[in-house]
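Visitor: give the three-dimensional model of this entry:
(one chain, ligands or ions: 2)
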Amino acid sequence: MFDTHDLAVLIRSGAPLILIETQEEALLKEALRHVVAEVLRPLWRWKITDGLVRLDMDDLESPPCRDSAQVLEHMHRSEQRAIWLLLDFHPYLRYAMNVRRLREIALGQAAARHTVILAGGAFGELPPELAPLITRYEIKLPDDAAIAKVMREEAFNYSREHGGQRVEVDAEAARALVRHLRGLTLIDVRQIVRRLIHADGAITSKDLAMAQQAKFELLGKDAVLHFEPDAAQFDQVAGLGRLKAWIAQRRRVFVEGKAPKGLDPPKGVLLVGVQGAGKSLAAKATAGGFGVPLLRLDFGALYNKYHGETERNLRGALRTAEAMAPCVLWCDEIEKGLASSDSDGGTSQRVLGALLTWMAERKAPVFLVATANNIDRLPPEFLRKGRFDEVFFVDLPGEEARREVFRIHLARRELDVTAFDLDALVAASAGFSGAEIEQAIVSALYAAWNAHRGLLQADVVEALRGTRPLSVMMAELVARLRAWAAERCVPAD
Ligand SMILES: Nc1ncnc2c1ncn2[C@@H]1O[C@H](COP(=O)(O)OP(=O)(O)O)[C@@H](O)[C@H]1O
Ligand SMILES: [Mg+2]
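Guide: Residues are numbered from 1 along each chain as shown. Ligands and ions are numbered 1, 2, ... in the order given. Down below sits the predicted model:
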C-alpha cells in the first residue's frame with residue numbers, strides 16, 4: 001500500500017481532474033477505499049469492460065454506462081458529489097465531445113463538484129484543453145519502514161502456515177535486505193520476501209544476492225534504465241587524478257545524504273572528451289568510488305523506441321533512480337539522445353528540459369554522471385553554471401597516465417609487468433588513447449599466440465606502430481576539442 005494521505009488531501013483540496021499513471025490497479029483500488037473512508041464520498045469506477053460500478057458500497061444498481069460518452073454524461077448530471085475512477089480512459093480522450101464534457105466537469109459546470117481520477121498505464125500527450133486542469137499524482141514507492149513491515153508480516157504468515165515454526169531473522173541481513181528492496185512497489189517487495197522466506201524459513205545474508213538478482217530482473221523489464229552490476233573501481237582507471245580526488249572528497253556527504261552547513265550536496269558531473277580516453281570507464285568507477293549502485297539511463301532507447309512516450313519513460317526512470325538512492329545515474333553519450341533536430345516535434349527539447357528540471361529539484365541523493373564526445377551537439381543549457389557541479393575534460397593520457405594504462409591492462413591479462421620496458425612503451429604510444437593502448441596489447445597478444453610463444457616487448461611496440469591513433473587521424477578535431485575545453489572545463493587529470 002502506498003501513502004494515501006496525500007491523495008486524500010489532494011481530493012479534499014478540490015482538484016477536479018487527477019491523473020495517476022500506474023499499472024497496479026488493485027493497489028489503486030485499495031488505496032482509494034482508504035481515501036473514501038477519509039473524505040466520505042461515493043466512489044464509482046468505470047472501465048470499458050464493466051461499465052460503471054460503485055466500489056464503496058455493494059448492491060447498488062449500476063447505471064447503464066458502457067460507453068465513454070455515456071459515463072461522462074451521467075457524471076455531468078449526477079447531483080451527488082462523488083469520486084469517479086476512470087480506468088484506461090486515455091483512448092477516449094481523443095474525442096472532442098469527451099474532452100469538452102470533462103472540461104465542463106472540471107470547471108464546475110456540472111450538477112456537482114466531482115473528482116475525476118484518470119488511471120492507466122500510458123497517457124502520452126494530453127489534450128491541450130485538459131492539460132492545465134489536470135493534477136498528476138505520483139504513487140510513491142514504499143519507504144524503509146513499509147518494506148520492513150512487509151517482512152514482518154510475511155515472516156508471521158510463514159510461521160502460521162508452518163505450525164508456529166519461527167522464521168530465523170539475522171538482524172543485519174534484514175536491514176541490508178530492506179536497502180536492497182528499495183525502489184520496488186509493495187507488491188514486488190512482498191513477492192520477493194515471500195520467496196526468500198519460503199526457500200529456507202530464514203532471512204540471512206545468503207538471501208541478499210538472491211534479492212538483488214530478483215530486483216535486477218524486475219528493473220530489467222525497464223529497457224530505459226539498466227542496472228550495471230559491474231561498477232568499476234578507480235584503481236582500474238589510469239590518470240584522471242583530479243576527478244578521483246573530487247569524488248573522494250564528496251563521498252561521505254553524498255552517501256550520507258545530508259550536506260554540512262553551507263555546502264550543497266553533490267549533484268553530478270559532465271565528462272567531455274576525446275573518444276576512448278576513459279569517460280565511460282570513469283563514469284562506472286564513480287559508482288565504485290562512492291560505493292553505491294550504478295544505473296545506466298539509455299538515452300538513445302528512451303528517445304528512439306518510445307517515441308511519444310519518451311517523457312513518461314523518463315519520469316518513470318528518474319523515479320526509480322530516486323527510490324534506489326543513494327546511487328549513480330549514468331547517461332552515456334548524452335548528446336546522442338538530445339539530437340537538436342527540429343524534426344522530432346520538440347520531444348528531445350522537452351526531454352532535456354525535464355532532465356534539467358529534475359537535476360535542479362531532486363532531493364534524493366542520485367548523482368548524475370553524463371558523458372559526451374561531441375561538443376557540437378551538446379546543448380548550451382548543459383554548460384550553464386549551476387547545472388552540473390563540474391564539467392571535466394578527459395584528455396588523452398599523458399606519460400604518467402599511459403604508464404598506468406599499460407600496467408593496468410598488462411596485469412589484467414595476467415602478464416608480468418616487470419618483464420616490459422614501460423618507458424619505451426610510453427614513448428611509443430604518444431597520442432594514443434587508453435582504448436587504443438588496450439587494443440594494441442590485445443592485437444600483440446594475438447600475434448604472439450599465433451607465433452606459439454609468450455608476449456614480448458617487441459610485439460607490443462609493433463602493434464603500436466601499426467596503429468594510427470585518432471589523435472593523428474583527426475588531429476584537427478582533437479585540437480578544436482581541446483581549445484573548446486580550455487575555456488569551459490576543468491581538466492580531469
Ligand atoms: N584512463 C584509462 N585507464 C584504463 N583504461 C582505459 C582508460 N581509458 C580507456 N581505457 C580502456 O579503454 C576502454 C574504452 O574506454 P571508454 O571508457 O569507453 O572511453 P570513452 O568513453 O571515453 O570513449 C575502457 O573500457 C578501458 O579498458
Ligand atoms: Mg564512452
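
Visitor: which positions in the stretch 251-400 of the chain make contact with ligand 1?
Guide: 273, 275-281, 371, 397 (CB under 6 Å from any ligand atom). All C-beta spots, glycine's among them, are computed from the backbone N, C-alpha and C.

Visitor: tabulate those (CSV), appending pLDDT, neighbour count and secondary structure.
Guide: Below are these laid out as CSV (pLDDT from 0 to 100; neighbours: other CB atoms under 10 Å; DSSP: H, G, I helix; E, B strand; the rest coil):
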residue, pLDDT, neighbour count, secondary structure
273, 94, 27, strand
275, 92, 19, coil
276, 95, 22, coil
277, 95, 28, coil
278, 96, 31, coil
279, 96, 26, helix
280, 95, 20, helix
281, 95, 20, helix
371, 95, 23, strand
397, 97, 27, coil
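
Visitor: widest-spaced pair of those?
Guide: Pairwise distances across those peak at 16.5 Å for 371 and 397 (criterion: CB to CB).

Visitor: strands along the stretch 301-450 of the chain, start to end?
Guide: Assigned by DSSP state E, counting those that start in this stretch, the strands in the stretch 301-450 of the chain fall at 327-331, 366-372, 390-394.

Visitor: what is the neighbour count of the residue in the chain positioned nearest to ligand 1?
Guide: Per CB to the nearest ligand atom, residue 434 is where the chain lies closest to ligand 1, at 2.2 Å. For residue 434, the neighbour count with other CB atoms under 10 Å is 27.

Visitor: what of residue 163?
Guide: Using other CB under 10 Å, residue 163 has 6 neighbouring residues.

Visitor: need phi/psi at it.
Guide: Torsion angles at residue 163 (phi, psi; degrees, to the nearest 10) stand at phi 60, psi 40.

Visitor: so what's it up against?
Guide: If you count contacts by CB atoms under 8 Å, 6 or more residues apart in numbering, residue 163 has none.

Visitor: on the pLDDT front, check it for me.
Guide: On the pLDDT scale, residue 163 is placed at 91.

Visitor: do residue 308 as well
Guide: Note on residue 308: pLDDT of 55.

Visitor: ok, residue 426 next?
Guide: Looking at residue 426, its pLDDT reads 98.

Visitor: before we move on, what about residue 216?
Guide: With respect to pLDDT, residue 216 scores 66.

Visitor: let me have the residues of the stretch 251-400 of the chain next to ligand 1 in a markdown table, extended by distance to residue 202.
Guide: Below are those laid out as a markdown table (distance: CB to CB, whole Å):
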| residue | distance to residue 202 |
| --- | --- |
| 273 | 49 |
| 275 | 50 |
| 276 | 48 |
| 277 | 48 |
| 278 | 44 |
| 279 | 44 |
| 280 | 40 |
| 281 | 39 |
| 371 | 43 |
| 397 | 50 |
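
Visitor: for residue 211, which three-state class applies?
Guide: On the three-state scheme (DSSP: H, G, I helix; E, B strand; the rest coil), residue 211 is labelled helix.

Visitor: would you confirm that it contacts residue 180?
Guide: Yes: in this structure, residue 211 is within contact of residue 180 by CB atoms under 8 Å, at 4.8 Å.

Visitor: of these two, which one has the most company?
Guide: Set residue 211 next to residue 180 and count neighbours by other CB under 10 Å: residue 211 wins out with 23 against 20.

Visitor: now do that one against residue 205, distance only.
Guide: 11 Å (CB to CB, to the nearest Å).

Visitor: mind listing what residue 326 touches?
Guide: Counting by CB under 8 Å, 6+ apart, residue 326 has contacts 254-255, 257, 290, 292, 364-367.

Visitor: quick check: ChimeraX command selecting the buried ones in the residues you listed.
Guide: Here is the ChimeraX command that picks out the buried ones among the contacts of residue 326, judged by 16 or more other CB atoms under 10 Å:
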select :254,290,292,365,366,367
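
Visitor: pLDDT weak spots in the stretch 301-450 of the chain?
Guide: Scanning the stretch 301-450 of the chain for pLDDT under 70 picks out the ranges 303-308, 338-345.

Visitor: switch to 80 and redo it
Guide: Within the stretch 301-450 of the chain, the stretches with pLDDT under 80 are 301-313, 316, 320, 323-324, 336-350, 352, 385-386.

Visitor: helices along that one, start to end?
Guide: Under the criterion DSSP state H, counting those that start in this stretch, helices of the stretch 301-450 of the chain are mapped to 310-323, 334-337, 347-361, 399-412, 422-428, 434-450.

Visitor: deepest-packed of those helices, please.
Guide: helix 334-337 (a mean of 22; mean count of other CB atoms under 10 Å).

Visitor: elements contacting that one?
Guide: Here helix 334-337 is seen to pack against helix 299-304, strand 366-372 when contacts are counted using 3 or more CB pairs under 8 Å, 6 or more residues apart in numbering; DSSP states H and E.

Visitor: can I get the longest one in CSV? Just the C-alpha atoms.
Guide: The reference is to strand 366-372. Taking Å, rounded to 0.1, in the frame of the first residue of the first chain, the C-alpha atoms of strand 366-372 are listed here in CSV:
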residue,chain,number,x,y,z
VAL,A,366,21.2,10.5,-7.0
PHE,A,367,24.5,11.5,-8.6
LEU,A,368,24.3,12.1,-12.3
VAL,A,369,27.3,11.3,-14.4
ALA,A,370,26.9,12.3,-18.1
THR,A,371,29.5,11.8,-20.8
ALA,A,372,29.7,13.4,-24.2
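
Visitor: can you tell me the strand partners of that strand and which way each runs?
Guide: Paired strands of strand 366-372, with direction, are strand 268-273 (parallel), strand 327-331 (parallel) (DSSP bridges).

Visitor: make sure residue 38 is actually in contact with residue 8.
Guide: Yes: with contact defined as CB under 8 Å, residue 38 and residue 8 form a contacting pair (4.5 Å).

Visitor: so what's residue 285 closest to, chain neighbours aside?
Guide: residue 232 (4.3 Å; CB to CB, 6 or more residues apart in numbering).

Visitor: didn't that neighbour look like it was pressed against residue 280?
Guide: No: using CB under 8 Å, residue 232 is not in contact with residue 280; the gap is 9.3 Å.

Visitor: now what about the helix or strand hosting residue 26, what contacts it?
Guide: Secondary structure assignment for residue 26, by DSSP states H and E: helix 25-39. Here helix 25-39 makes contact (CB under 8 Å, 6+ apart) with 1-2, 4-5, 7-8, 11-12, 20, 22, 42-43, 45, 55-56, 83, 85, 87, 117, 119, 139, 185-187.

Visitor: for residue 375, give me its contacts.
Guide: 272, 481, 484-485.

Visitor: just name the closest of the residues you listed to residue 95, please.
Guide: Distances from residue 95 to the contacts of residue 375, taken as CB to CB, are shortest for residue 272 (48.1 Å).

Visitor: need the nearest residue in space to the closest one, chain neighbours excluded.
Guide: Going by CB to CB, 6+ apart, residue 272 has residue 372 as its nearest residue, at 5.0 Å.

Visitor: and that neighbour, how far from residue 392?
Guide: Note on residue 372: its distance to residue 392, by CB to CB, is 11 Å.

Visitor: repeat that for residue 38.
Guide: 51 Å.

Visitor: with residue 453 instead?
Guide: Taking CB to CB as the measure, residue 453 falls 42 Å from residue 392.
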